[in-house]
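Chemist: Mind looking at a prediction? Sequence and model below.
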Amino acid sequence: MLLKIRNLLAPPEIARLTALSQELRFVEGRASNPANETKNNLQADTSDPKNTEAAQLVSAAFARSREFMDFALPKRVAPPLLSRYSPGMKYGAHADAALIPLDRSRLRSDVSCTVFLNDPASYEGGELSIVIGNQAIAFKGAPGEAILYPSTTLHEVIPVRTGERLVAITFIESYIPDPHQRMQVYELNEIAALEGTTMRWENRVRLDVVRQNLMRMWSTT
């Protein structure tokens, strides 16, 4: 299942991330995936101090987003990384690596996330294309919008024809690795959020018991 989060980032955060993208250093994207010959983009140099500020801005937005927290059930989130695509750049069809280096350990990628940072009308091409079943669904979000999708899915970034595509990407290790199980908990969370105080107290308690027991049964700690 996919989830689109509108307005994940506030306008001042988008403006600051855009400014940081002009100030910090970018390196060849294949530095983090040298074996993929179809990867042709630029990504922020993680050794640049300004990269830390950019990552913290996006991470803070994730932390305050109920939609993100309920959908991903994040156990660990890799530091978001700014990525830039100029004309001719692309990222060919691939599934994300199962294990992502993080500090002195490795993060299991259960959910991948792309946060769009610039106006989609400012560049042609550059859609994020995700294969679901026997068709590909293309996404080109508004500034501050995010798309979350299973890291196991085949996806690609269509070649940019004109302009520049600017996004932030990250990977999430979920407390519930199994996507089907994770979706059951998400749906129950959505029911609780939608019904709110209109649900009888006794029913809310029973629903919460089911949610907590499923988390207890399926989650890893």
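Modeler: Structure received.
Chemist: Now do the contacts for the closest residue to Val210 other than its chain neighbours.
Modeler: The shortest distance from Val210 to any non-neighbouring residue, by Cβ to Cβ, 6 or more residues apart in numbering, is to Leu188 (6.5 Å). For glycine as for every other residue, the C-beta is placed from the backbone atoms N, C-alpha and C. If a contact means Cβ atoms under 8 Å, 6 or more residues apart in numbering, then Leu188 has Leu207, Val210, Arg211, Leu214 as its contacts.
Chemist: one more time with 10 Å, if that's ok
Modeler: Counting by Cβ atoms under 10 Å, 6 or more residues apart in numbering, Leu188 makes contact with Asp70, Leu207, Asp208, Val210, Arg211, Gln212, Leu214, Met215.
Chemist: In what element of secondary structure is the fourth one found?
Modeler: When secondary structure is defined by DSSP states H and E, Val210 falls within helix 201-218.
Chemist: For that helix, which outside residues touch it?
Modeler: In contact with helix 201-218 (Cβ under 10 Å, 6+ apart) are residues 73, 175-178, 180-182, 184-185, 188-189, 191-192, 195-200.
Chemist: What subset of the residues you listed is buried?
Modeler: Buried residues within the contacts of helix 201-218, counting neighbours by 16 or more other Cβ atoms under 10 Å: Leu73, Tyr175, Ile176, Gln181, Arg182, Val185, Leu188, Asn189.
Chemist: The residues you listed into TSV, with extra columns for pLDDT, distance to Asn118 and secondary structure?
Modeler: Below are the buried ones among the contacts of helix 201-218 laid out as TSV (pLDDT from 0 to 100; distance: Cβ to Cβ, whole Å; DSSP: H, G, I helix; E, B strand; the rest coil):
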residue	pLDDT	distance to Asn118	secondary structure
Leu73	97	29	coil
Tyr175	97	33	coil
Ile176	97	33	coil
Gln181	96	36	helix
Arg182	96	31	helix
Val185	95	34	helix
Leu188	92	36	helix
Asn189	89	31	helix
